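S.K.: next come a sequence and a model predicted from it.
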Amino acid sequence: MVRRLGAPSLRGRAGAGCAALLLVALASGPVAADDGDGGAPLDPRITEIMRKPEYRNAQWGLLQSDPATGRVVRSAFPQQFFIPGSTAKLFSVSGPWRTLGSDHRFETPLYAVGERRGGTLDGDLDLVAQGDLTMGGRTAADGTVAFTSLDHTYADDVPGATLTPQDPLAGIDMIAAQVRRAGITRVSGDVIVDDRLFAADPVLVPTPTPLIINDNLIDLTAAPGERAGAPARLDWRPKVAPYRVTSTVRTVAAGKQSAVTVTTSDNGTRIRLSGTVALGAAPVLRVSPVTDPAAFGRTALIEALARAGVRVDATPTGPNPVAALPADYAGRARVAVYTSPPYADYAKLILKVSHNLGANLGMCLLAVTTGSHACADGFPVLARFLDAAGVDRGQIQLLDGRGGNPVDRSTPRAVVQMLTYWTRTPEARLFREALPVLGVDGLLADNCRDCPARGKVFAKTGAAVGFDALNNRLGVGAITIAGYLDRGGGRFEVFYAGVTGASTPTTDPSGILSIANDLALVAAYLQEG
């Protein structure tokens, strides 16, 4: 993905990145001049796509090679900078994966800071945030991370986003239950979230925080009522004070438009839905940001403790009292801990659904490995990893982890080098299968479901899309795709395909989806070739 911007809100907003609109892929195309190695001619079906009006002024880039031999299969402008979109996540996820380790688990501890007298703690409970991306809200029964093809983080941008069934407060509830099992029934002091692991960096958007519950979002669902004219049925999660949600959404006749708008007040804690939902239509999902994740987590934990039978004397709402935190936790009793799934599962989530917050979080986690609290210090760590991996980082520009900053660029060659690196590691299959699979899952789930290449293309997609106010249409800064082509017999080729400068005739987001579908087909034709 890229600069986050929803189709309904594209008008009037400068450069947008509908990462999810790129659910599909891209391709490569013929160009007038070439600084690459050429290779085999393109499939005629690809050249036919590239001649469509949408690409009249576009520039294409392509590189396809055999990682076992280094042989270039097809090539066009392999050393030209392209806007990467979310294919940048191939770099920003690979760095933490190899630095932390695929088996790394985040352990978020809760310490009792004070004296115990029977079931009473005269002091505070301090939850020490560790940069866990989900705190259990996506953890399936088998311990893996759950996701849907179109993630709830894109609910305001792209129709069709859905929720996982897991409770967003599952991790917090598990911690509270452990406190009760430890014999604590009352806390005379406070509950504090220790979020000193790293400082929020405004350059990274969405901005990672040490404590993340439900991606720092409130999920809002408006479903049609029993008849036209009836109020829509409202639901929301997670339900944590002082956040409150009201709705004036009405049910309209079947076939009419569903359009729901979200407004907030009182620092985001008062949320109101308005608009319409058509009778018989699917529920409309929207999201609203949690404005203070640490304070939100503190309240959520106090409420969870109450459900578990632990009374906290402090007022549950209000600011997070970080000034009361100790310098360290040496000698403090650890009364609970939440342990995450392995990082490889989190990487799969980030890559499958193009999870922007998780990609940016990776930069902060890299910084933490050096003892730094500044997320920007993660970039030198990533640079050292890329050097060791044989990736020419002079052919990459990054100022975030998701590929959404205006400075972000990468060449087809650098992307292919990154993909080639993984083929030479014991985790080649694990990494490959963490990518969306054409026609099967993630942001490629709905593309090419009946074509011969279904299940044989493993690729990360990316895009930068914005509103062209001059011509009242959508413009494509770039749409990209990169990954692996299954050639059979256990052999995989690596590829990159991208286009910059495409456009659509209208502001209808279906035009972008059509381009994305063209590109998914290009990837499929590369595999079939």
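M.R.: Perfect, thanks for sending it. Numbering: from 1, shown residues only.
S.K.: any idea which residue sits dead centre in this protein?
M.R.: When the chain is reduced to its mean C-alpha position, the nearest residue by Cα atoms, centre = their mean turns out to be H355, at 0.6 Å.
S.K.: and that residue, how close does it get to D151?
M.R.: 7 Å (Cβ to Cβ, to the nearest Å). Placement of C-beta: from N, CA and C, glycine included.
S.K.: G131 now?
M.R.: G131 is 19 Å from D151, by Cβ to Cβ.
S.K.: what's the answer for V368, then?
M.R.: 25 Å.
S.K.: swap in A520?
M.R.: Counting by Cβ to Cβ, the gap from A520 to D151 is 18 Å.
S.K.: of those two, who's got more company?
M.R.: Set A520 next to D151 and count neighbours by other Cβ atoms under 10 Å: A520 wins out with 29 against 25.
S.K.: so the more buried one touches R449, yeah?
M.R.: No - when contacts are counted by Cβ atoms under 8 Å, A520 is not listed as touching R449 (10.1 Å).
S.K.: return the set of buried residues in stretch 310-319.
M.R.: V310, V312, A314, P316, T317 (16 or more other Cβ atoms under 10 Å).
S.K.: surely the first one meets A182?
M.R.: By that I understand V310. No - applying Cβ under 8 Å, one finds V310 not in contact with A182, separated by 9.6 Å.
S.K.: so for stretch 270-287, what gets flagged as buried?
M.R.: Buried, per 16+ other Cβ under 10 Å, within stretch 270-287: 271-273, 275-279, 281, 283-287.
S.K.: measure it end to end?
M.R.: Using Cα to Cα, to the nearest Å, one end of stretch 270-287 lies 13 Å from the other.
S.K.: ok, back up a step: among the buried residues of stretch 310-319, which lie within helices?
M.R.: Applying DSSP state H to the buried residues of stretch 310-319, no entry is found in helices.
S.K.: from those, which two are the most distant?
M.R.: Farthest apart among the buried residues of stretch 310-319 by Cβ to Cβ are V310 and T317. That separation is 17.3 Å.
S.K.: neighbours of P202, how many?
M.R.: P202: 7 neighbours (other Cβ under 10 Å).
S.K.: next up, phi/psi of it, please.
M.R.: Note on P202: backbone dihedrals following degrees, to the nearest 10 are phi -70, psi -20.
S.K.: for it, what are its contacts?
M.R.: Not one residue lies near P202 by Cβ atoms under 8 Å, 6 or more residues apart in numbering.
S.K.: and what of G371?
M.R.: By Cβ under 8 Å, 6+ apart, G371 has no neighbours at all.
S.K.: now with 10 Å, please.
M.R.: The contact partners of G371, taken as Cβ atoms under 10 Å, 6 or more residues apart in numbering, are D377.
S.K.: what distance do you get for it to L197?
M.R.: 11 Å.
S.K.: what's the one helix or strand T99 maps to packed up against?
M.R.: For T99, the element it lies in under DSSP states H and E is helix 89-100. The contact analysis (3 or more Cβ pairs under 10 Å, 6 or more residues apart in numbering; DSSP states H and E) places helix 89-100 against helix 343-353, helix 356-368, helix 378-389, helix 412-423, helix 428-433, strand 457-468.
S.K.: pipe those into a markdown table and attach mean neighbour count, mean pLDDT and distance to Q64 per row.
M.R.: Output for the helices and strands packed on helix 89-100, formatted as a markdown table (neighbours: other Cβ atoms under 10 Å; pLDDT from 0 to 100; distance: least, Cβ to Cβ, whole Å):
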| stretch | mean neighbour count | mean pLDDT | distance to Q64 |
| --- | --- | --- | --- |
| helix 343-353 | 25 | 98 | 20 |
| helix 356-368 | 27 | 98 | 25 |
| helix 378-389 | 18 | 98 | 20 |
| helix 412-423 | 24 | 98 | 8 |
| helix 428-433 | 17 | 98 | 16 |
| strand 457-468 | 28 | 93 | 12 |
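S.K.: next, format the ones you listed as CSV and append distance to Q80.
M.R.: Putting these into CSV (distance: least, Cβ to Cβ, whole Å) gives the following:
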stretch, distance to Q80
helix 343-353, 25
helix 356-368, 24
helix 378-389, 19
helix 412-423, 8
helix 428-433, 26
strand 457-468, 16
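S.K.: and the nearest residue to S340 once chain neighbours are set aside, how far is that from V179?
M.R.: Nearest residue to S340, sequence neighbours excluded (Cβ to Cβ, 6 or more residues apart in numbering): F106, at 4.1 Å. Look at F106 and V179: by Cβ to Cβ, they are 19 Å apart.
S.K.: repeat that for R74.
M.R.: Taken as Cβ to Cβ, the span from R74 to V179 is 59 Å.
S.K.: any residues in contact with both of V310 and A182?
M.R.: G119, L121.
S.K.: just to revisit the earlier point, closest one to V494 among the helices and strands packed on helix 89-100?
M.R.: helix 412-423 (4.1 Å).
S.K.: angle of the closest one against helix 89-100?
M.R.: 40 degrees (axes from the mean of the first three to the mean of the last three Cα atoms, to 10 degrees).
S.K.: pull the CA atoms of helix 412-423 into CSV?
M.R.: Output of helix 412-423 as CSV, limited to C-alpha atoms (Å, rounded to 0.1, in the frame of the first residue of the first chain):
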residue,chain,number,x,y,z
PRO,A,412,13.3,-3.7,-9.9
ARG,A,413,16.8,-5.1,-9.4
ALA,A,414,17.0,-4.3,-5.7
VAL,A,415,13.6,-5.9,-5.1
VAL,A,416,14.7,-9.0,-7.0
GLN,A,417,17.9,-9.2,-5.0
MET,A,418,15.8,-9.2,-1.8
LEU,A,419,13.6,-12.0,-3.1
THR,A,420,16.7,-13.9,-4.3
TYR,A,421,18.3,-13.7,-0.8
TRP,A,422,15.4,-15.6,0.7
THR,A,423,15.7,-18.5,-1.8
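S.K.: lovely, talk soon.
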